[in-house]
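**Student:** sequence unknown, structure follows:
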């Protein structure tokens, strides 16, 4: 009996959580004029590619996707590398000021992004970074959260392997690449997936630093489509396309998301 | 690089005078070259993109920052304006209201999802994935669909569904009494999956013997939940409450995307108001005051977390 209730709840909730995505994907294949008239317009019947054709002919949409790729891929790889090295440094190396610096990092993480964005806007205007990729790439090259995750992970790993490598005459760089990095693959994957999601989905920062349409990432681009009544089909097609990379990352790295969430929370 | 490093060395080790400075610096370098090669650029980056803006933002609040022309010192003008700004307080109130609509439902739904998956159903991992999907999806995508679902006409899908149980069409986002709730609903849908992950981890860490003992005593499932599961999840409740509170005070995307702060300012949240003042009205100094107000609120919440969480997490 208890099991039956659990399954019924599971199916109802699962259906509810999936429905918006189903509407998005199915709706993207429907003629847009129905979207405003029929709540069930998305039921697959007379599918059409017209929304996708419109987006691809539009040209600017592909540019938005390209912009998003640029501002996502570079920080993802950079964060994986730097957070791994810095996490290693803070977990295993002894140097003066280590605890103090880390403590300051952890204090600064509490500052909301929205507070930094105004002075950063003024700074970036001085640097000439407004409407350039720099504004969204350079500040994201590493992240405190990523360093924290790698440090937590490495602290739980015994020093034996590292010491053995040192006896064999390996220096720090060698120890890091031959011993630490291979061990840290799961946590580095977590850092990468987090970086991907936060950069690919970011709306607030590009909204402020990117004012020219051709520099919009796909989030800001889609936001500019939103609200234009009658474009719902196009909007859903754009959403579906911009959702594909997220979905693929999610499909392959789901475990790293959930592990990362648990690690960042429950120490 | 070397001079910077030596400077640091000099400061750090002034106390011990066993070896000449150069020798000590060299030893430290041989031992920790990797530290200095990566840490110094990181610290410079940290100072430029985190610490300096934080300080500069405070300075901004005392200036009249103009897009063109020199800034002018105006003392507490913007702070006084903030305390007299009815709209700013309305924005804070709206944000508090949003938290009320959002926090408890997110926690309850997250706990419910975790309980179902933890009950040993088949395909639990698959459903966990489905519930987690909105967490990784951008606000823009979800808001686009949400706005369509909650269209305030008879052909809106939610209106169409509730018409079957005899409820008249609602205006939803166009109604100043409902808009904030619809936005909170969007956030509940988006965030419940991550709350579920915390609760799921919490549920798995509860010792199985406790449940077995309760069953032997003949306790009902309902009673087991309220006397064992729920109280033992206390640290998770607390942690999740804190992070959802912090998240709710930063809400911006859904109001920007769906309501533009309206109708009648009913969905103008702190961050949305800050955005409007700063980047639509180009009143950057006043926006900096608002951002500090946000910071103080989040700081208080975080300090509560630090104060209580240390003791509460002992179980895990």
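**Tutor:** Perfect, I can see it now. Owing to the predicted nature of the structure, the values given are computational and were not obtained by experimental measurement.
**Student:** tell me the mean pLDDT over the helix or strand residue A:90 falls within?
**Tutor:** Residue A:90 belongs to helix A:60-92 when elements are defined using DSSP states H and E. Helix A:60-92 shows a mean pLDDT of 93.
**Student:** with stretch B:131-141 instead?
**Tutor:** The predicted model assigns stretch B:131-141 a mean pLDDT of 92.
**Student:** residues touching it, excluding its own?
**Tutor:** The contact list for stretch B:131-141, computed with Cβ atoms under 8 Å, 6 or more residues apart in numbering or on different chains, reads A:13-14, A:17-18, A:20-21, A:24, A:197, A:200-201, A:203, A:219, A:222-223, A:226, A:239, A:242-243, A:246-247, A:249-250, A:254, A:257-258, B:113, B:117, B:142, B:189-194, B:196-197, B:253-254, B:257. Heads up, the C-betas are built off the backbone N, CA and C, glycines and all.
**Student:** how far does stretch B:28-47 sit from the chain's center?
**Tutor:** 31 Å (Cα atoms, centre = their mean, to the nearest Å).
**Student:** re earlier: the helix holding residue A:90 vs chain B: in contact?
**Tutor:** Yes - using Cβ under 8 Å from any Cβ of the partner chain, helix A:60-92 reaches chain B at A:82, A:85-86, A:89.
**Student:** quick one: the helices in the stretch 1-150 of chain B, in order.
**Tutor:** Counting by DSSP state H, counting those that start in this stretch, the stretch 1-150 of chain B has helices at residues B:2-12, B:21-46, B:52-60, B:77-84, B:86-118, B:124-136, B:139-149.
**Student:** what of the stretch 151-300 of chain B?
**Tutor:** B:157-163, B:179-204, B:208-216, B:221-224, B:230-232, B:234-249, B:253-254, B:270-275, B:284-312.
**Student:** close to chain A, is stretch B:238-247?
**Tutor:** Yes - if you take Cβ under 8 Å from any Cβ as the test, stretch B:238-247 does meet chain A, through B:239, B:243.
**Student:** flag every residue of the stretch 151-267 of chain A that's near chain B.
**Tutor:** With Cβ under 8 Å from any Cβ as the criterion, the stretch 151-267 of chain A meets chain B at residues A:172-173, A:176, A:197, A:200-201, A:203-204, A:207-208, A:219, A:222-223, A:226-227, A:232, A:235-236, A:239, A:242-243, A:246-247, A:249-250, A:254, A:257-258, A:261-262, A:265-267.
**Student:** out of those, which end up buried?
**Tutor:** A:172, A:176, A:197, A:200-201, A:203-204, A:207-208, A:219, A:222-223, A:226, A:232, A:235-236, A:239, A:242-243, A:246, A:249-250, A:254, A:257-258, A:261-262, A:265-266 (16 or more other Cβ atoms under 10 Å in any protein chain shown).
**Student:** in strands, which of these appear?
**Tutor:** Among these, no member falls in strands (DSSP state E).
**Student:** export the helices of the stretch 1-150 of chain B to TSV and append columns for mean neighbour count.
**Tutor:** What follows is the helices of the stretch 1-150 of chain B, written out as TSV (neighbours: other Cβ atoms under 10 Å in any protein chain shown):
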stretch	mean neighbour count
helix B:2-12	14
helix B:21-46	16
helix B:52-60	18
helix B:77-84	15
helix B:86-118	19
helix B:124-136	20
helix B:139-149	24
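**Student:** rank those by pLDDT, which is bottom?
**Tutor:** Lowest mean pLDDT within these: helix B:2-12, a mean of 49.
**Student:** which of the residues of helix A:60-92 next to chain B has the largest number of neighbours?
**Tutor:** residue A:89 (27 neighbours; other Cβ atoms under 10 Å in any protein chain shown).
**Student:** and the gap between that one and residue B:105?
**Tutor:** Counting by Cβ to Cβ, to the nearest Å, the gap from residue A:89 to residue B:105 is 42 Å.
**Student:** nearest to residue A:40, out of the helices of the stretch 1-150 of chain B?
**Tutor:** helix B:139-149 (12.1 Å; Cβ to Cβ).
**Student:** tell me the gap between that closest one and the middle of its chain.
**Tutor:** With Cα atoms, centre = their mean, you get 20 Å for helix B:139-149.
**Student:** helix B:124-136 and that helix, what's the angle between them?
**Tutor:** 100 degrees (axes from the mean of the first three to the mean of the last three Cα atoms, to 10 degrees).
**Student:** what inclination does helix B:139-149 have with respect to helix B:179-204?
**Tutor:** Helix B:139-149 and helix B:179-204 meet at an angle of 120 degrees, taking the same axes, to 10 degrees as the criterion.
**Student:** who touches the closest residue to residue B:186 other than its chain neighbours in this structure?
**Tutor:** Computed as Cβ to Cβ, 6 or more residues apart in numbering or on different chains, the closest residue to residue B:186 that is not its neighbour in sequence is residue B:146, at 4.7 Å. Taking Cβ under 8 Å, 6+ apart, we find residue B:146 in contact with A:20, B:182, B:185-186, B:189, B:254, B:258.
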